[in-house]
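Visitor: need coordinates for the following:
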Amino acid sequence: MEEQVVVLAAVTVLAVLQQAYFSLQVIYARRKFSVSPPVVTGPPAFERIFRAQANCSEYFPIFIAVLWTSGVFFSQGLSSVCGLLYLYGRFHYFHGYSEAAQQRLAPLYFSARVLWVLIGFSVLGVFLSFCRVYLQVDLLTELGSALGLD
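Guide: Residues are numbered from 1 along each chain as shown. The predicted model follows:
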């Protein structure tokens, strides 16, 4: 079983470490700008770091859910590559937002597109598995036969 999901697990651990890194950046910014919890307002530089971390945290459960659904039901390899691309985009989003609000946009759009690809893979994978398990129809085999690829 482990070999079937080891790459997904590795991307998940990397994603958790990234979230921890973002949280640490908020802690450092709190110290730097003297913003004590539970206060979430302060200088614009602090607020950008705080919002970047909060925004990344808000999308984290969605990312993890579709990463694993896509990886289990569609393709571990493709899903893991998409996962790494998403994390790359989120890293640049966080650092761009930390510098200036406008610098968050390109990485935000990039990571959103990757997330939609993972959602699409998830939907397709679950649909194909549903058809195979409950309708006893392997649509990929049927498509291959129809195209003369068997």
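
Visitor: how near is the residue nearest the centre of the chain to V13?
Guide: Nearest residue to the geometric centre of the chain (CA atoms, centre = their mean): F63, 3.6 Å. Distance, F63 to V13, by CB to CB, to the nearest Å: 13 Å. In this view, the C-beta of every residue, glycine as well, is placed from N, C-alpha and C.

Visitor: any low-confidence regions in the protein?
Guide: 1, 150 (pLDDT under 70).

Visitor: biggest helix in it, by residue count?
Guide: When the chain is scanned for its longest helix (criterion: DSSP state H), the result is helix 2-33.

Visitor: and the next element down the chain from that helix?
Guide: helix 44-73 (DSSP states H and E).

Visitor: for that following helix, packing partners?
Guide: helix 2-33, helix 76-99, helix 105-134 (3 or more CB pairs under 8 Å, 6 or more residues apart in numbering; DSSP states H and E).

Visitor: can I get those helices in JSON lines with mean neighbour count and distance to F46?
Guide: What follows is these, written out as JSON lines (neighbours: other CB atoms under 10 Å; distance: least, CB to CB, whole Å):
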{"stretch": "helix 2-33", "mean neighbour count": "14", "distance to F46": "4"}
{"stretch": "helix 76-99", "mean neighbour count": "19", "distance to F46": "10"}
{"stretch": "helix 105-134", "mean neighbour count": "16", "distance to F46": "20"}
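
Visitor: tabulate the ones you listed (a markdown table), appending distance to W68.
Guide: Formatted as a markdown table, these follow (distance: least, CB to CB, whole Å):
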| stretch | distance to W68 |
| --- | --- |
| helix 2-33 | 6 |
| helix 76-99 | 8 |
| helix 105-134 | 9 |
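
Visitor: wait, which of those helices is closest to L147?
Guide: helix 105-134 (16.1 Å; CB to CB).
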